[in-house]
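S.K.: sequence and computational prediction follow.
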Amino acid sequence: MIPFNKPYLSGNELTYIQHAVESGKISGDGMFTQKCHQFFEEKYGFEKVLLTSSCTDALEMAAILLDIQAGDEIIAPSYTFVSTVNAFVLRGATIVFVDCGLENPNMDVSQIEALITPKTKAIVVVHYAGIACNMDAIMKIANRHELKVVEDAAQCIDSYYRGKPLGSFGQLAAFSFHETKNIISGEGGMLCINDQNYIHRAEIIREKGTNRSAFFRGGVDKYSWVDIGSSFLPSDMVAAFLCAQLENLERLQQKRIGIWETYYTGLSELAKQGLVGLPHIPAYATNNAHIFYLVCNSITERTNLMNHLKAKGIQAIFHYQSLHSSPYFQDKYKGAELTQADKYSDCLLRLPLFYELEQAQVAYIVECVHEFYKNQA
Ligand SMILES: *Cc1c(COP(=O)(O)O)cnc(C)c1O
């Protein structure tokens, strides 16, 4: 069976974990955490980053930092992972969902402005598959209405909008290092803080509402409970794993991009014939090869294709039941029909994509997809 995903040890993961253990300091903010912070701040120019235990944690920190209160409204896509909006629901926010655009699953920017009310506090942007949303347009709307922008950049490592790294546009951004992402630490995440005004409080929220970070830097002579917060920081053993992955970022990315391009070339004939939809990457966006997906013409076709691939030993999977029609939200949803989000929920299929997937296996998967559509005709 060719699995959908397979976590890859890139080299020094176990060695660094051993170093962390032997250093005698395995709780948060040890040497490896510092190294990861430095890597991200230097390579991508993020104002300040803080590792968290997950992207979900980073999003929850963002909601606290923005002082989201009961009744505040948040504009966000419906076609996304639950944490994108659950972080804000935890603070009592009302979620106002936006549909996907026509060219790819990213949100339809042209719908945003009509959804803004006096209660709107923030726009949460998701760059689906690591492919940038139209950030010039989104930042313009946010600035005009004095709204904050949070990027759910879970899938966005090493991806750019007009040459500027994703995760550097919003006041706050959240990355994921979950084992299904490009760069991993098992569970793991990071908050990027691009507005200096949030840095001080972010450190406190991440340390259970205490000023412990300042205490360890020698900034205060004892540490106290000064705000709300939680335990959002990862163990240094997790950071050690991540540090080893980051050393090999270029190689991991090159390999994924190679696989992605083989899929794209191999399936483009089917797209030309209108049999499947392929990812669209706007001219302003880069491709970090997080996901390779195709879009079938119906849910039945997708189910049949998935079953065909399964019979051939290939695990292809779909995702994101649109959040506005989830069991938790469907009774609360008062907005318009979100036809594009529903289309991607029903028709999008992700093909295996991981470092150790061989080109011969990719060619085989492409062949099996072709075979399916030949039999359809
Ligand atoms: C993976 C993912 C998350 C959640 O990341 P965790 O690190 O597992 O919390 C959130 N949003 C999006 C868009 C994701 O792809």
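M.R.: Received the coordinates, thanks.

S.K.: show me this protein divided up by domain.
M.R.: Following automatic domain parsing, the chain resolves into domains at 13-247, 249-376.

S.K.: what's the closest of the ones you listed to the ligand?
M.R.: domain 13-247 (3.3 Å; C-beta to the nearest ligand atom). All C-beta atoms are positioned from the backbone trio N, CA, C, and that covers glycine.

S.K.: so, in contact with the ligand or not, the closest one?
M.R.: Yes. Interface with the ligand: domain 13-247 contributes 54-56, 80-81, 83-84, 126, 152, 154-155, 176, 178, 189 (C-beta under 6 Å from any ligand atom).

S.K.: related to what we said a few turns ago, deepest of the domains of the chain, which one?
M.R.: Among the domains of the chain, domain 13-247 has the highest mean neighbour count (mean count of other C-beta atoms under 10 Å), at a mean of 20.

S.K.: helix/strand/coil for the residue of the chain positioned farthest from its centre?
M.R.: What lies farthest from the middle of the chain is residue 221; by C-alpha atoms, centre = their mean that is 38.3 Å. Recorded secondary structure, residue 221: coil (DSSP: H, G, I helix; E, B strand; the rest coil).

S.K.: on that earlier part again, got a markdown table for the domains of the chain, with mean pLDDT too?
M.R.: As requested, those are exported to a markdown table (pLDDT from 0 to 100):
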| stretch | mean pLDDT |
| --- | --- |
| domain 13-247 | 97 |
| domain 249-376 | 97 |
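
S.K.: and residue 2, which of those is closest to it?
M.R.: For residue 2, the closest of these is domain 249-376, at 4.9 Å, according to C-beta to C-beta.

S.K.: show me the contacts for residue 22.
M.R.: Residues counted as contacts of residue 22 (C-beta atoms under 8 Å, 6 or more residues apart in numbering): none.

S.K.: ok, and the closest non-adjacent residue to the residue farthest from the centre of the chain?
M.R.: residue 215 (7.7 Å; C-beta to C-beta, 6 or more residues apart in numbering).

S.K.: all strands for the stretch 201-350 of the chain, in order.
M.R.: Along the stretch 201-350 of the chain, the segments classed as strands by DSSP state E, counting those that start in this stretch run 293-295, 348-350.

S.K.: export the ones you listed to JSON lines and tack on distance to residue 209?
M.R.: Putting these into JSON lines (distance: least, C-beta to C-beta, whole Å) gives the following:
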{"stretch": "strand 293-295", "distance to residue 209": "40"}
{"stretch": "strand 348-350", "distance to residue 209": "39"}
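
S.K.: a markdown table for those, including distance to the ligand?
M.R.: Output for the strands of the stretch 201-350 of the chain, formatted as a markdown table (distance: least, C-beta to the nearest ligand atom, whole Å):
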| stretch | distance to the ligand |
| --- | --- |
| strand 293-295 | 13 |
| strand 348-350 | 12 |
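
S.K.: residues contacting residue 247?
M.R.: 10-12.

S.K.: apply 7 Å and report the result again.
M.R.: Contact partners of residue 247, counting by C-beta atoms under 7 Å, 6 or more residues apart in numbering, are 11-12.

S.K.: check the gap between it and residue 286 for me.
M.R.: Look at residue 247 and residue 286: by C-beta to C-beta, to the nearest Å, they are 21 Å apart.

S.K.: ends of stretch 223-231, what's the gap?
M.R.: End-to-end distance for stretch 223-231: 15 Å, by C-alpha to C-alpha, to the nearest Å.

S.K.: likewise for stretch 199-218?
M.R.: By C-alpha to C-alpha, the extent of stretch 199-218 from end to end equals 17 Å.

S.K.: contacts for it, please.
M.R.: With C-beta under 7 Å, 6+ apart as the test, stretch 199-218 has contacts from 48, 50, 52, 61, 64-65, 191, 193, 220, 222-233.

S.K.: so which elements touch the longest strand along the chain?
M.R.: Counting residues, the longest strand found in the chain (DSSP state E) is strand 120-126. Under the contact definition 3 or more C-beta pairs under 7 Å, 6 or more residues apart in numbering; DSSP states H and E, strand 120-126 sits against strand 73-77, helix 83-89, helix 135-144, strand 148-152.
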